[in-house]
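Engineer: One predicted model, sequence on top.
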Amino acid sequence: MRDDLRLSPAARSALIIGGLFFFFILFAIFGVLREAQRIRRERDQTKALNSQTAGGGMVWLPAGKMTMGAVDGAPDEQPLHDVKVRGFWMDKTEVTNEQFGRFVKETGFITFAERKAEGRETSSGSLVFTPPPVGDAAAGVGAFWKQVPDANWQHPEGANSDLTGREKFPVVHVCWEDAAAFARWAGKRLPTEAEWEYAARGGAVHLPYVWGRELTPGGHWFANVWQGRFPVENKVEDGFAGLAPAGRFRTNDYGLADMAGNVWEWTADWYRADYYVKSPHADPPGPESSLDPDEPSVPKRVARGGSFLSAASNGAGYRPSARMKAAPTFASSELGFRCARSVK
């Protein structure tokens, strides 16, 4: 071979390294594509299974993994971390007034908001959202959240309201303890926070919304949330000024409805702002106790999913990674739940 055609040792080494690097990149791309194909196939199979069993009220979520949290979210949504979840069943929709009514009729259960303190003729009630007058947006939380005596799941706005025409609406004014009692009666449980986010993402890659990358694909809203300047302007572009019947918006790829908006949903987990720093990577059960740096003396549980009051200006709670914290006895007109069930 001519000397001018021979590669120097350095050039040969560079060629070998370059070739190895090229094959490594190809192998990595192949792995990613194969994993994406597996996720898509599993998601399609799950969707087909759930379409066949839609009448049962629960849908099956296969075991899988996700990236939990958000880079651009609140501090308690960080850091991003990978989580594996076992397969489980989950209610297709939020628990409705009709379903909760059957539980109350059979058990005689009295929710926390309905209980009367000693010496009182009425119950302490629950928090009800009341829009402030136009121009009072800066008046503070007290301007649009009112503790209404006798407001409870049967009387959503107080004693003079009832459930007529709202049988299929999500039950509200239920605290964590009420939700857990219903779940036990139904032979179910509340989902863990990890299960809830896994379910909300619907088997998709890490996306900002449960329906995809855009907030309003094609100019349409895919959840019952707040449009306009909260809390004084509600454009009602999604068709609902308040709660919507459960399941009115399209389901995600797991067949679950209302995983964004309508009502916040209780999960099983205690709230800790720092839990993601040390959360297990397989079936995280939630912390053993609560710690909210803002109110360290008040134990709190986690709610997920946002509500009809969630807007970009108040935290965009309809994002799948968004977290809300509240005491186990807290109840309001935007807070409900759905149940999960483990494989027997």
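Structural biologist: Cool, got the structure. Keep in mind it's a predicted model, so treat the numbers as computed, not measured. Numbers count the residues shown, from 1 in each chain.
Engineer: Can you give me the distance of residue 218 to residue 236?
Structural biologist: Distance, residue 218 to residue 236, using C-beta to C-beta, to the nearest Å: 18 Å. The way it works is simple: take the backbone N, C-alpha and C, and place the C-beta from them, glycine included.
Engineer: More neighbours: those two, which one.
Structural biologist: residue 236 (12 against 6; other C-beta atoms under 10 Å).
Engineer: Would you map the strands across the stretch 151-300 of the chain?
Structural biologist: Assignment of strands within the stretch 151-300 of the chain using DSSP state E, counting those that start in this stretch yields the ranges 264-270.
Engineer: Below-threshold pLDDT in it: ranges please.
Structural biologist: For the stretch 151-300 of the chain, no stretch has pLDDT under 70.
Engineer: which residues of it fall in helices?
Structural biologist: Applying DSSP state H, counting those that start in this stretch to the stretch 151-300 of the chain gives helices spanning 176-185, 193-201, 275-278.
Engineer: which other helices and strands contact the first one?
Structural biologist: Read it as helix 176-185. helix 97-107, strand 264-270 (3 or more C-beta pairs under 8 Å, 6 or more residues apart in numbering; DSSP states H and E).
Engineer: at 7 Å instead, please
Structural biologist: helix 97-107 (3 or more C-beta pairs under 7 Å, 6 or more residues apart in numbering; DSSP states H and E).
Engineer: following the helix it packs on, which helix or strand shows up next?
Structural biologist: Going down the chain from helix 97-107, the next helix or strand is strand 126-129, by DSSP states H and E.
Engineer: Distance from the chain centre to that following strand, please.
Structural biologist: 21 Å (C-alpha atoms, centre = their mean, to the nearest Å).
Engineer: for that strand, what is the average pLDDT?
Structural biologist: For strand 126-129, the mean pLDDT works out to 96.
Engineer: got the contact list for the helix or strand just after it?
Structural biologist: Beyond strand 126-129 on the C-terminal side, the first helix or strand identified by DSSP H and E is strand 145-148. With C-beta atoms under 7 Å, 6 or more residues apart in numbering as the contact definition, strand 145-148 has outside contacts at 125-130, 157-158.
Engineer: circling back to that earlier point, right, and the helices of the stretch 151-300 of the chain - which one's nearest residue 319?
Structural biologist: Minimum separation from residue 319 across those (C-beta to C-beta) falls at helix 193-201, 9.2 Å.
Engineer: Give me the number of neighbouring residues for residue 177.
Structural biologist: Neighbour tally, residue 177, other C-beta under 10 Å: 16.
Engineer: Over to residue 302?
Structural biologist: Here the number of neighbours of residue 302 (other C-beta under 10 Å) works out to 27.
Engineer: Flag every buried residue along stretch 166-179.
Structural biologist: For stretch 166-179, a neighbour-count test (16 or more other C-beta atoms under 10 Å) marks 166, 169-179 as buried.
Engineer: just stretch 245-257 next, same as before
Structural biologist: Judged by neighbour count using 16+ other C-beta under 10 Å, the buried positions of stretch 245-257 are 245-249, 251-257.
Engineer: farthest-separated two in those?
Structural biologist: Pairwise over those, using C-beta to C-beta, the maximum falls at 245 and 253, 21.7 Å.
Engineer: Without its sequence neighbours, what residue ends up closest to the residue nearest in space to the middle of the chain?
Structural biologist: What sits nearest the mean C-alpha location of the chain, by C-alpha atoms, centre = their mean, is residue 305, with 3.1 Å. Nearest non-adjacent residue to residue 305, counting by C-beta to C-beta, 6 or more residues apart in numbering: residue 265, 4.9 Å away.
Engineer: tally of neighbours for the one you found?
Structural biologist: For residue 265, the count of nearby residues is 28 (other C-beta under 10 Å).
Engineer: Show the contacting residues for it.
Structural biologist: 94, 303-305, 336-338.
Engineer: related to what we said a few turns ago, scan the contacts of strand 145-148 and report the most crowded one.
Structural biologist: Neighbour max across those (other C-beta under 10 Å) = residue 126, 29 neighbours.
Engineer: Kindly state the beta-bridge partners for it.
Structural biologist: With DSSP bridges as the criterion, residue 126 is bridged to residue 148.
Engineer: And residue 303, by the same measure?
Structural biologist: Applying DSSP bridges, one finds that residue 303 bridges with residue 266, residue 324.
Engineer: quick one: it from residue 313, how far?
Structural biologist: In terms of C-beta to C-beta, residue 303 sits 19 Å off from residue 313.
Engineer: again, but for residue 252
Structural biologist: The value you get for residue 252 to residue 313, if C-beta to C-beta is used, is 25 Å.
Engineer: follow-up on the earlier one: would you format the contacts of residue 265 as JSON lines with distance to residue 183 and secondary structure included?
Structural biologist: Below are those laid out as JSON lines (distance: C-beta to C-beta, whole Å; DSSP: H, G, I helix; E, B strand; the rest coil):
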{"residue": "94", "distance to residue 183": "13", "secondary structure": "coil"}
{"residue": "303", "distance to residue 183": "14", "secondary structure": "strand"}
{"residue": "304", "distance to residue 183": "15", "secondary structure": "strand"}
{"residue": "305", "distance to residue 183": "17", "secondary structure": "coil"}
{"residue": "336", "distance to residue 183": "13", "secondary structure": "strand"}
{"residue": "337", "distance to residue 183": "8", "secondary structure": "coil"}
{"residue": "338", "distance to residue 183": "9", "secondary structure": "coil"}
